[in-house]
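Peer 1: quick one, fold the following:
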Amino acid sequence: MIGYVMLGTNNKDRALKFYDEILKELGGKRFMENEKFTAYSSEHGKPGIGITTPFDGKPATVGNGTMVALNAETPEKVNAIYNKAISLGAKDEGKPGPRGDQGFYAAYFRDLDGNKLNAFCIVAKK
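Peer 2: This next block holds a predicted model:
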């Protein structure tokens, strides 16, 4: 259903170093670039994430209530993404662990520009 999302940055080089590492954990890589934005995806035609300096020339700001969820396959992958993000300077917004009783396992963090992300997976209930 979702084609792609865009996240704003005020320091594109720094943001791309961060996302190169985080999205590599999910098989994502750069597939489209110009001076304003870089797009990542795991496969052509699959949903992607774009990192951009705002087209209006104003500073990038964080959307209140906005979050991008990264679909990981296992709790171990969620943990790896979260740990990688924190090691790269991300801010903790919720350590990895189960949320609720529906098999939802997630970790939350903010990127270097303050954009909120989470890595999650659905695990079989016991």
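Peer 1: and Lys77, helix, strand or coil?
Peer 2: Of the three states, Lys77 takes helix under DSSP: H, G, I helix; E, B strand; the rest coil.
Peer 1: contacts only, for it.
Peer 2: Contacts for Lys77 (CB atoms under 8 Å, 6 or more residues apart in numbering) come out as Glu25, Leu26, Ala119, Cys121. (C-beta placed from N, C-alpha, C; glycine too.)
Peer 1: assumed the second one was part of a strand.
Peer 2: Meaning Leu26. No: under three-state DSSP, Leu26 sits outside any strand and is assigned coil.
Peer 1: how close does it get to Gly65?
Peer 2: According to CB to CB, to the nearest Å, Leu26 stands 24 Å off from Gly65.
Peer 1: can you list contacts of the helix or strand hosting Ile49?
Peer 2: Per DSSP states H and E, Ile49 falls inside strand 48-52. For strand 48-52, contacts defined as CB under 8 Å, 6+ apart pick out 3-9, 12, 15-16, 19, 23, 28, 31, 36-41, 60, 68.
Peer 1: and Asp29, how close does it get to Ser41?
Peer 2: Careful, residue 29 is Lys; it's not Asp. 8 Å.
Peer 1: can you list the strands that the helix or strand just after the strand holding Ile49 pairs with?
Peer 2: Once the chain leaves strand 48-52, the next helix or strand it forms, by DSSP H and E, is strand 68-71. In the sheet, strand 68-71 lines up against strand 116-122 (parallel) (DSSP bridges).
Peer 1: tilt between the strand it pairs with and strand 48-52?
Peer 2: Angle, strand 116-122 to strand 48-52, by axes from the mean of the first three to the mean of the last three CA atoms, to 10 degrees: 170 degrees.
Peer 1: tabulate the CA atom coordinates of strand 116-122 in CSV.
Peer 2: This file holds the C-alpha atoms of strand 116-122, laid out as CSV (Å, rounded to 0.1, in the frame of the first residue of the first chain):
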residue,chain,number,x,y,z
LYS,A,116,11.0,8.9,14.9
LEU,A,117,11.5,5.4,13.7
ASN,A,118,10.8,2.0,15.0
ALA,A,119,11.9,-1.5,14.0
PHE,A,120,9.3,-4.2,14.6
CYS,A,121,8.3,-7.7,13.8
ILE,A,122,5.3,-9.9,14.6
